[in-house]
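Q: Predicted structure and sequence below. I'll ask about it afterward.
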Amino acid sequence: MIQASMGHHRGHQTAWANGNQGLIAISIPDPLEDVIPGVQWGCATEVFTPAFWKYQSAVFRAQNNTVSHSIGKTIIEEVAVCLLGGYGMPAELGLAAFYRLRDRSLLNEATTVDILQEALYEPFPFDQGQRRYRFPRQKANYLWRTMQILSSAVLPSSSRPLRDFLTGLPGIGPKTASWVVRNHLRSDEVAVLDVHVLRAGRAIGLFPPNVNLSKEYFRLEGRFLRFCTALDEPASLVDALMWDYMRRIGKASARTRMLSPT
């Protein structure tokens with residue numbers, strides 16, 4: 001359990017937390033100081049400020065010896081994880097689709113597109129019931145074509161070239177390609193910007209209220225990476241924490257709306 005107290009001393013904040021080696025102090029600049037131009041640190045005790053994200057990331061690192069986002073054991077498996085998830089797809093459903101295909105040994109170039117499609121058409125256990133996967137024919141086709149290419153490709157070993165290669169594959173855009181690269185290479189040179197990370201960025205003035213992610217992905221990514229550098233925290237961890245927190249807040253809000261009287 002994380003316990004923290006805050007103190008101000010000589011223009012900076014000190015946040016305390018329990019780490020693996022005992023109590024640790026996390027030094028954070030003054031709330032009114034800019035992290036990057038136009039974005040103030042804010043107070044670490046206020047949710048979703050830059051200081052809050054700094055604190056959460058620092059505590060996570062202090063309590064975990066290693067940080068790994070990878071789910072697949074191979075590049076094909078990691079591409080499948082990310083391609084089957086994504087926009088409009090609950091994370092749990094995307095993972096369920098991946099595990100079904102992996103456990104049936106279907107993630108290889110010998111698998112036919114029809115078999116992939118049939119496996120995705122079957123309903124999945126979901127939230128005490130069943131739910132069907134969205135766009136099974138399209139995703140099966142993307143995944144099959146991608147596996148054909150990856151099975152014989154010589155892939156770049158560094159982050160940006162690998163992402164450039166992946167964005168040329170069927171159904172893979174900048175976000176999905178960045179997701180694969182972050183997970184597979186444990187890279188901090190790319191960022192996985194989705195609706196949840198965008199919400200977190202808007203809340204602190206990092207991103208403007210209205211953006212077209214498909215057209216402005218790399219510009220927004222550059223700003224996010226500069227932000228993480230200024231936090232002195234890994235971009236791969238900051239975007240994962242933002243995704244997790246904002247997603248849980250969104251789900252809680254949805255449940256509240258469902259329970260509210262009309």
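A: Nice, thanks for sending it over. Numbering: from 1, shown residues only.

Q: Leaving out sequence neighbours, find the closest residue to residue 197.
A: Using CB to CB, 6 or more residues apart in numbering and skipping residues adjacent in sequence, the residue nearest residue 197 is residue 242, 4.8 Å away. Where C-beta positions appear, they are placed from N, C-alpha and C, glycine not excepted.

Q: Please apply the same query to residue 59.
A: Closest to residue 59 by CB to CB, 6+ apart is residue 17, at 4.5 Å.

Q: Quick check: that neighbour touching residue 61?
A: No: Residue 17 sits out of contact with residue 61 when judged by CB atoms under 8 Å, with a separation of 10.7 Å.

Q: if you count what's nearby, which of the two comes out ahead?
A: With neighbours defined as other CB atoms under 10 Å, residue 17 and residue 61 compare such that residue 17 has more, 20 against 15.

Q: Quick one: list the elements packing against the helix or strand harbouring that one.
A: Residue 17 is part of strand 12-19, with elements assigned from DSSP states H and E. Secondary structure elements in contact with strand 12-19, counted by 3 or more CB pairs under 8 Å, 6 or more residues apart in numbering; DSSP states H and E, are strand 6-9, strand 22-29, helix 50-63.

Q: Distance check, residue 89 against residue 133.
A: 8 Å (CB to CB, to the nearest Å).

Q: Looking at those two, which has the bigger crowd around it?
A: Under the criterion of other CB under 10 Å, the comparison of residue 89 against residue 133 puts residue 133 first, with 21 against 16.

Q: what's the spacing between that one and residue 121?
A: Residue 133 is 7 Å from residue 121, where distance means CB to CB.

Q: try residue 239
A: The spacing between residue 239 and residue 121, counted by CB to CB, is 32 Å.

Q: Which of the two has more residues huddled nearby?
A: residue 239 (29 against 12).

Q: Let me see the contact set for the more buried one.
A: Taking CB atoms under 8 Å, 6 or more residues apart in numbering, we find residue 239 in contact with 182, 191, 192, 193, 197, 224, 228.

Q: how about 7 Å then?
A: Residues in contact with residue 239 (CB atoms under 7 Å, 6 or more residues apart in numbering) are 191, 192, 197.

Q: Using a markdown table, lay out those residues together with secondary structure.
A: A markdown table is the format used below for the contacts of residue 239 (DSSP: H, G, I helix; E, B strand; the rest coil):
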| residue | secondary structure |
| --- | --- |
| 191 | coil |
| 192 | coil |
| 197 | helix |
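
Q: phi, psi of the residue lying closest to residue 187 once chain neighbours are set aside?
A: Spatially, and ignoring its direct neighbours in sequence, residue 187 is nearest to residue 159 (4.2 Å; CB to CB, 6+ apart). Here is the backbone geometry of residue 159 (degrees, to the nearest 10): phi -60, psi -60.

Q: How many residues are close by residue 159?
A: Neighbour tally, residue 159, other CB under 10 Å: 18.

Q: That one and residue 184: what is the separation?
A: Distance of residue 159 to residue 184, computed by CB to CB: 9 Å.

Q: can you check residue 31 too?
A: 37 Å.

Q: neighbour-wise, which of the two wins?
A: Counted by other CB under 10 Å, residue 31 and residue 184 do not tie: residue 184 has more neighbours, with 23 against 19.
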